[in-house]
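Novice: Sequence first, predicted coordinates after that:
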Amino acid sequence: MNRVRILLVLLCVAAAIFAGLLAWRVGALGGRSGGPGQVSATGTAAIGGPFTLTDQDGKPVTEAALKGRWSAVFFGFTYCPDVCPGTLQALKAAAGQIGDKTEKLQVVFISVDPERDTPQQMKDYLEAMDLPVKTIGMTGTPEQVAAAAKAYRAYYKKNGEGEGYLVDHSTAIYLMNPQGQFDRVLAYGMTPDQMAVQLNQAIK
């Protein structure tokens, strides 16, 4: 019986520790997390910061490129078979629902595959996507890409060998305000309608 009581006490302590860690993580992200259609933070999370990369025209670009417009920042790669094209197509459809606010929005696509994603490759890929908003593709050296991903707390890891390798990566879209500050996450799996609601709420 004593062993059962001790086990129950230990389970309660473990549950309390887990709840505390969960609350700390949510607080660190600046809000609550949830499924599609919910935002996880608004304006308080330490997401974003300085970076130096190269745009699709081969020109150096920094975080200053985010100033003056709302920016939907997304990490991915042009050889991505599903998540990246699906996300960009969802953004394209959502942008088509926000009217004149498209003039205040830009999409920033940062490659996590600098080995293959040259500026020209980024340019060709984004032109084929034909988004109705200003679109900036960014790539760079492995070190530059790693620094940008760290600033946005984005995960990525090369998966496989040879020319056909893939890259595992974060799927969230970070919506940054015209001052280059984090506003909210557009979660992977949101429908274009749900994205449009969030964009309309944010962009004034």
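Specialist: Alright, I've got the coordinates.
Novice: what is the residue nearest to the spatial centre of the chain paired to in the beta sheet?
Specialist: Of all residues in the chain, the one closest to the mean position by CA atoms, centre = their mean is Ile173, 3.3 Å from it. Beta-bridge pairing for Ile173 (DSSP bridges): Phe74, Leu186.
Novice: That one touches Cys84, doesn't it?
Specialist: No: look at Ile173 against Cys84 with CB atoms under 8 Å: they stay out of range, at 11.2 Å. Using the backbone N, CA and C atoms, a C-beta is placed for each residue, glycine as well.
Novice: Need the overlap of contacts for these two.
Specialist: Common neighbours of Ile173 and Cys84 (criterion: CB atoms under 8 Å, 6 or more residues apart in numbering): Phe74.
Novice: How about the secondary structure of Gly164?
Specialist: coil (DSSP: H, G, I helix; E, B strand; the rest coil).
Novice: and if you look at Ile110?
Specialist: Secondary structure state of Ile110, per three-state DSSP, is strand.
Novice: how about low-confidence regions in this protein?
Specialist: For the chain, the stretches with pLDDT under 70 are 1-45.
Novice: can you do 50?
Specialist: For the chain, applying pLDDT under 50 flags the ranges 1-44.
Novice: Val112 versus Asn159, what's the distance?
Specialist: For Asn159, the distance to Val112 equals 11 Å [CB to CB, to the nearest Å].
Novice: neighbour-wise, which of these two wins?
Specialist: Neighbour totals were compared for Asn159 and Val112, and Val112 leads with 25 against 10 (other CB atoms under 10 Å).
Novice: wait, what's in contact with that one?
Specialist: If a contact means CB under 8 Å, 6+ apart, then Val112 has 75-77, 145, 149, 154, 156, 167, 169 as its contacts.
Novice: Among these, which lie within strands?
Specialist: Judged by DSSP state E, strands contain the following of these: 75-76, 156, 167, 169.
Novice: Can I get these in JSON lines including distance to Val107?
Specialist: Converted to JSON lines, those look like this (distance: CB to CB, whole Å):
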{"residue": "Phe75", "distance to Val107": "12"}
{"residue": "Gly76", "distance to Val107": "11"}
{"residue": "Tyr156", "distance to Val107": "18"}
{"residue": "Val167", "distance to Val107": "19"}
{"residue": "His169", "distance to Val107": "16"}
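Novice: I'd like those as JSON lines, with distance to Thr139 and neighbour count appended.
Specialist: Output for these, formatted as JSON lines (distance: CB to CB, whole Å; neighbours: other CB atoms under 10 Å):
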{"residue": "Phe75", "distance to Thr139": "11", "neighbour count": "25"}
{"residue": "Gly76", "distance to Thr139": "11", "neighbour count": "24"}
{"residue": "Tyr156", "distance to Thr139": "13", "neighbour count": "19"}
{"residue": "Val167", "distance to Thr139": "13", "neighbour count": "21"}
{"residue": "His169", "distance to Thr139": "14", "neighbour count": "23"}
